[in-house]
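**Q** Provided below for reference: sequence and predicted model.
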Amino acid sequence: MLIDEKINDLQNLIKRRVTYEELAPILGVGSGNAIRNWKYRKRPLEEFEIKKIDDAFRDKILEVKNDFQQIKTNYEKGLSNFVNLPVKNNVTASMGYGVEVFDESQTGTYSFSKKLLRDIGADPKYSDVIFSSGDSMYPTIEGGDCLVVDKSKTQIYDGKIYCVRIQDKLYAKRLQFLPPNIINVISDNPKYKSFEVDLSKDLDYDFAVVGEVKWWSRVAR
């Protein structure tokens, strides 16, 4: 191993510049012309010279390795506090007149804090990320907002927002249950009229509560 190769190795290991002047006293080389002559020599380092250099930098190398291991441990510990929810970019919950769903395949994942999901009461095993369109839930939800829908929560509690399916179209709407069989489907935007679904009758269209919208967010614009 030539001296330049050893210097490169040390620089990579300890992430800082190592000079010839720093190595010279380790190998018992004097200053001035002796350093320059030693610097430009072409013969490989002897094994005892490599050992001297390694011994001199051992503590620094161990320090850097320990720092790296700590960073790696902290990173892995941080990852354990998050969970990936499936993202379905091609699934849109309309807040207007409905959006027909053709493709419900997963297109990616978003990482969410496990604590956040616990705080909002979303079960990560049954939650998907979809997106909204339209303005019928404005100002609560705007078109383009990201929605977390928990598909395990289909029981209706008055005033909560749900993703519902009507005739293969998805909507984000506020629901109200009117016993014994009426569901009132409400838009937050007064431009859109509420309507009722009577579950006691044979509906001539498909209707289902897909899940509760537990959380939403938007990109600042």
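**A** Received, thanks.

**Q** centre of the chain to stretch 23-38, how far?
**A** Counting by Cα atoms, centre = their mean, to the nearest Å, stretch 23-38 is centred 52 Å from the centre of its parent chain.

**Q** report pLDDT for residue 105.
**A** The confidence metric pLDDT takes the value 64 at residue 105.

**Q** tell me what the longest helix anywhere in the chain is packed against?
**A** Assignment by DSSP state H gives helix 47-79 as the longest helix of the chain. Taking 3 or more Cβ pairs under 8 Å, 6 or more residues apart in numbering; DSSP states H and E as contact, the helices and strands that helix 47-79 lies on are helix 3-14. Where you see a C-beta, it was placed from the backbone N, CA and C, and this is true even at glycine.

**Q** what comes up buried for the helix it packs on?
**A** Neighbour-count burial for helix 3-14, counted by 16 or more other Cβ atoms under 10 Å, picks out 3, 6-7, 9-10.

**Q** stretch 190-209 too?
**A** Neighbour counts over stretch 190-209 (16+ other Cβ under 10 Å) mark 192, 197, 209 as buried.

**Q** return the helix or strand in this protein with minimum mean pLDDT.
**A** strand 99-100 (a mean of 44; mean pLDDT, DSSP states H and E).

**Q** for residue 35, see how far away residue 81 is.
**A** 52 Å (Cβ to Cβ, to the nearest Å).

**Q** so the two - more neighbours on which side?
**A** residue 35 (17 against 11; other Cβ atoms under 10 Å).

**Q** with adjacent residues omitted, what lies nearest to the more buried one?
**A** Spatially, and ignoring its direct neighbours in sequence, residue 35 is nearest to residue 24 (5.1 Å; Cβ to Cβ, 6 or more residues apart in numbering).

**Q** what's the local residue count around that neighbour?
**A** For residue 24, the neighbour count with other Cβ under 10 Å is 16.

**Q** next: residue 165.
**A** 16.

**Q** can you say which helix or strand has it in it?
**A** strand 161-166 (DSSP states H and E).

**Q** what residues does that strand touch?
**A** Residues outside strand 161-166 that contact it (Cβ atoms under 8 Å, 6 or more residues apart in numbering): 93, 98, 101, 130, 137, 140-141, 147, 149, 154, 156, 170-175, 185, 205-213.

**Q** got it, and stretch 181-188?
**A** 95, 136-141, 156, 164, 171, 173-178, 193-200.

**Q** so which bits of that stretch are buried?
**A** 183-188.

**Q** give me the distance from it to the chain's centre.
**A** With Cα atoms, centre = their mean, you get 34 Å for stretch 181-188.

**Q** got the CA positions of that stretch in PDB?
**A** C-alpha atoms of stretch 181-188 as PDB (Å, rounded to 0.1, in the frame of the first residue of the first chain):
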ATOM      1  CA  ASN A 181     -83.300   3.600   9.000                       C
ATOM      2  CA  ILE A 182     -82.600   7.000   7.600                       C
ATOM      3  CA  ILE A 183     -79.100   8.400   6.800                       C
ATOM      4  CA  ASN A 184     -78.900  12.100   6.200                       C
ATOM      5  CA  VAL A 185     -76.000  12.900   3.800                       C
ATOM      6  CA  ILE A 186     -74.700  16.400   4.500                       C
ATOM      7  CA  SER A 187     -72.400  18.800   2.700                       C
ATOM      8  CA  ASP A 188     -70.600  21.500   4.700                       C
END
